[in-house]
Every structure is written in structure tokens, then in C-alpha cells.
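> 3D, please:
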Amino acid sequence: MKFYLSAKNEENVELVKQCLSKIGEVVSTISDSDMIISIGGDGTLLRVGKLAIANDKPIVGINAGHLGYLCAFKIEEINHLELSDFVNLKETKRTLLEYDGHIAINDICVLKNNPVQSIEVEVKNIASWKGDGVIISTATGSSSYNQAAGGPLLEPESSSLVVTPICPHFSNEGYRVVDEEEIYLNVSSRTPAILSCDNEVLGPISGDITIKKSAKYLRLMSK
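Predicted coordinates for the structure are as follows:
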């Protein structure tokens with residue numbers, strides 16, 4: 001089996017490279033690999049996951065960070081892993097979001113840019129809120145910002161999305177679990193709003209925007 005390694009910490013790369021070289025081959029190009037190994041926490045896996053998506057390769061997370069919800073293994077057990085541990089992993093195809101060519105594994109958020117002023121966001125045919133913003137989350141991201149904002153956990157392989165308001169004002173409208181292929185939003189507030197994709201701020205937004213399910217998937221390997 002051929003592994004391509006990517007990590008936040010180069011010291012961890014050398015450790016994992018030594019261990020995986022005993023059970024397979026560590027290659028220098030993604031195209032030559034059978035799977036991509038992400039070494040770090042969930043944040044690292046989100047970053048490396050974009051490479052896996054672009055190259056249609058399965059990805060395995062080795063947790064060497066603070067969080068490792070998406071990771072199959074811990075860095076502490078790397079010395080004890082056998083080839084069978086990788087061969088026996090289960091591949092799940094995780095639904096992704098897309099906005100203007102940007103792919104999100106976890107979520108796309110419309111957020112207020114001014115900490116003391118609210119924004120108004122209408123999610124067409126679903127609800128309208130005034131508050132700190134709205135989270136559009138995948139099942140993978142449902143355990144992240146969505147859950148912290150009061151949204152539900154979805155089964156990891158679910159293709160549903162969660163639309164969750166952030167600190168809504170004077171509203172009894174809570175989160176929505178939807179199966180739409182496209183979600184249409186309108187940001188009508190005079191207060192500046194920004195859009196983020198997996199914690200990366202893409203810039204200011206206003207008016208009508210469309211967020212859709214991507215035709216691509218994250219091929220995440222887990223136990």
C-alpha cells in the first residue's frame with residue numbers, strides 16, 4: 001500500500017514515515033498514493049481533506065492534535081499499527097457543501113462582521129432570522145460549530161444538511177434539518193456580513209447567495 005503524508009508538524013511526519021515504511025511505501029506525490037494520511041487534529045484533516053477531494057483519494061486521520069473526532073488512529077499507537085489496520089478501515093462518503101467554487105467539509109456560515117450589531121438572514125422556504133448569523137452544516141460538521149449553536153447531531157453518512165441560527169433574536173424558529181440540493185439565502189441587513197467556509201473567511205457578502213451540495217465527496221476512512 002502506498003501512503004502520501006501531510007501534517008502540521010514536520011516532526012510527526014518523520015515519525016509516521018518511519019512506521020508506515022515498514023508496512024508499505026511512503027510516496028511523494030498524491031497521484032501515486034493509495035490513500036492520504038493526515039497527521040494532526042481535525043483542523044489539519046479539514047485542510048488536507050481538500051487535497052483528498054481534489055484528487056479523489058481516501059483519507060485517514062492520525063490524531064496528533066487536541067481534537068481527533070474525524071481521525072481513525074492516535075499518534076501514540078502508530079508504532080503498533082499493521083497493514084491490516086489500514087486495509088480493514090471502512091470508507092464513508094461524506095456529503096460536502098460548495099459556494100462559488102469553494103468546498104466545505106464541515107460548514108458554510110453567514111456571520112455578522114460587527115460584534116455589536118445583528119444581521120438579518122432569510123433562508124428561503126425555511127426561515128428568517130435576525131441575530132449573529134446562520135450555519136449551513138453537513139453531517140460531518142454537525143458535531144462542530146452547529147452543535148455548539150444548538151443544532152442536532154446527524155449520522156455521519158447522512159446526506160441531510162442542518163440550517164442553524166446563531167443567537168437569534170425574538171424567534172421561536174430553531175434549527176432545520178433539510179435535504180435540499182441547493183439552499184438560497186438573502187442577507188438584507190444594513191450591517192456588514194461575512195461568509196466563512198470551514199473557518200476560512202471568504203469575504204463580505206450581501207444580497208442573494210446560493211449554497212449547494214457538491215457533486216464531490218470526502219472519502220473518509222474510519223474504524
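> List the residues that contact the closest residue to L111 other than its chain neighbours.
The spatial neighbour of L111 that comes closest, neighbours along the chain excluded (CB to CB, 6 or more residues apart in numbering), is G133 at 4.1 Å. Where you see a C-beta, it was placed from the backbone N, CA and C, and this is true even at glycine. For G133, the contact set (CB atoms under 8 Å, 6 or more residues apart in numbering) comprises C109, V110, L111, K112, I119, V121, P165, I166, A193.
> Let's see which of those residues end up in strands.
Within the contacts of G133, residues falling in strands by DSSP state E are C109, V110, L111, K112, I119, V121, P165, I166, A193.
> tell me which of those residues is nearest to M221?
Closest approach to M221 among these (CB to CB): C109, at 27.0 Å.
> Wait, the closest one touches V134, no?
Yes - applying CB atoms under 8 Å, one finds C109 in contact with V134, separated by 7.0 Å.
> which residues are common contacts for the two?
By CB under 8 Å, 6+ apart, C109 and V134 have these common neighbours: I166.
> So these two - more neighbours on which side?
When C109 and V134 are compared for neighbours, V134 comes out ahead with 28 against 25, by other CB atoms under 10 Å.
> Enumerate the beta-bridge partners assigned to that one.
Beta-bridge pairing for V134 (DSSP bridges): V110, P165.
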